[in-house]
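J.: how would this look folded up:
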Amino acid sequence: MRSIPAALQAKLDTGATTLCRCYVLTRRDGLVQGFTDHDCDVVLNGVACRAGTGLTASEATARLGLAVDGAEIAGALADESITEADLAAGRYDAAAVETWLVDWSEPALAVLLAKDTIGEVRREANAFTAELRSLADRLNQESGRLYAAACSADLGDARCTIDLTQPAFRGSGTVAALAGVSTFTADGLSAFAGGWFAEGRLSFTGGANAGLAVEVKSHVVAGGTVTLTLWQAMPEPLAPGDAFVVTAGCDKSLATCRDRFANVVNFRGFPHIPGNDFVVSYPVPGEPGNDGGSLQG
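T.: Okay, here's the model as predicted:
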């Protein structure tokens, strides 16, 4: 239940209101930004909520129970507020958003309407649309362990224990030449066999994308030329000379854990768990070794 300040309720009862919506956004890196659909800036709890960003909100849905409520906000991409490069880099992924109903003539009179996180973000031309997911969305997140053949640990984490700072699992290089938007030949990785960095993590340490990281889709060595393909294009164009650090990849299979990392003791999957073929199998009478029947898939 929301508590509406008495002074705000009194204004609402008059029928003539001076209300607007303010959005306070907190990114995972700690940056706080404020926006409003009012035509002038509004200062809410010390946060300057900027107008003039073209920010609008869709109809919000609210339901009883634990269903995930949702809404959308849309706005213009501007260098002073939310930039296309920041969106593409994932800096707004899972950011926290507070939606407030504010009396712009007296901003101290405000009611918190919702707390959400940013979900899917779509960009088109010079505008963006962001999905807002209610706190109930956290109930849909995977928690605990699942019984699956593949390993549930991430390479290099505390459960895996592989030290990715070791030279055998880490390489430094530079972009030699571009072969596409997200494909390039690389210098400095000639000591590693092809496929070693597939599904690994590449972090740029120089160039326009310095500080950003992306997963490697493929690592091919042919005729002494090393070619890396990234899973997605970087926010800024790649250029020859861009420096990067890349770590080994893992497909989370038992064979890779054993042969590449000699780390079976820490394998977090269940490689011998029965598959779907066992679930749909059935007994066939007369087959040897089954005492009158055997399982067939």
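J.: hmm, residue 225 is touching residue 185, no?
T.: Yes: in this structure, residue 225 sits in contact with residue 185. The criterion is C-beta atoms under 8 Å, and the distance is 5.6 Å. In this view, the C-beta of every residue, glycine as well, is placed from N, C-alpha and C.
J.: okay, these two: which has more neighbours?
T.: Neighbours were tallied for residue 225 and for residue 185 using other C-beta atoms under 10 Å; the higher tally belongs to residue 185 (17 against 14).
J.: how about the more buried one: what's its closest non-neighbour residue?
T.: Leaving aside its chain neighbours, residue 185 sits nearest to residue 176 (4.5 Å; criterion: C-beta to C-beta, 6 or more residues apart in numbering).
J.: repeat that for residue 122.
T.: Nearest-residue entry for residue 122: residue 129, 4.8 Å, with adjacent residues in sequence omitted and distances by C-beta to C-beta, 6+ apart.
J.: so how far is residue 118 from that neighbour?
T.: As for residue 129, its distance to residue 118 is 11 Å (criterion: C-beta to C-beta, to the nearest Å).
J.: neighbour count winner among the two?
T.: residue 118 (19 against 15).
J.: pLDDT value on the more buried one, please?
T.: Note for residue 118: predicted pLDDT of 83.
J.: ok, now residue 49?
T.: The model reports residue 49 with a pLDDT of 89.
J.: what's the burial count for it?
T.: Using other C-beta under 10 Å, residue 49 has 28 other residues around it.
J.: what sits against it?
T.: Contacts of residue 49 were listed using C-beta atoms under 8 Å, 6 or more residues apart in numbering, and they are 22-24, 34-36, 38, 41-43, 102.
J.: okay if I get the residues you listed as CSV plus secondary structure, distance to residue 168 and pLDDT?
T.: Supplementary listing: the contacts of residue 49 in CSV, determined by DSSP: H, G, I helix; E, B strand; the rest coil; distance: C-beta to C-beta, whole Å; pLDDT from 0 to 100:
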residue, secondary structure, distance to residue 168, pLDDT
22, strand, 52, 90
23, strand, 48, 88
24, strand, 46, 90
34, strand, 48, 89
35, strand, 48, 87
36, strand, 53, 87
38, coil, 58, 87
41, coil, 54, 90
42, strand, 56, 91
43, strand, 54, 93
102, strand, 57, 90
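J.: pull out the buried members of those residues.
T.: Burial of those was assessed by neighbour count (16 or more other C-beta atoms under 10 Å); the buried members are 22-24, 34-36, 38, 42, 102.
J.: between those residues, which is nearest residue 240?
T.: Comparing these against residue 240 with C-beta to C-beta places residue 35 closest, at 38.8 Å.
J.: no further questions, thank you.
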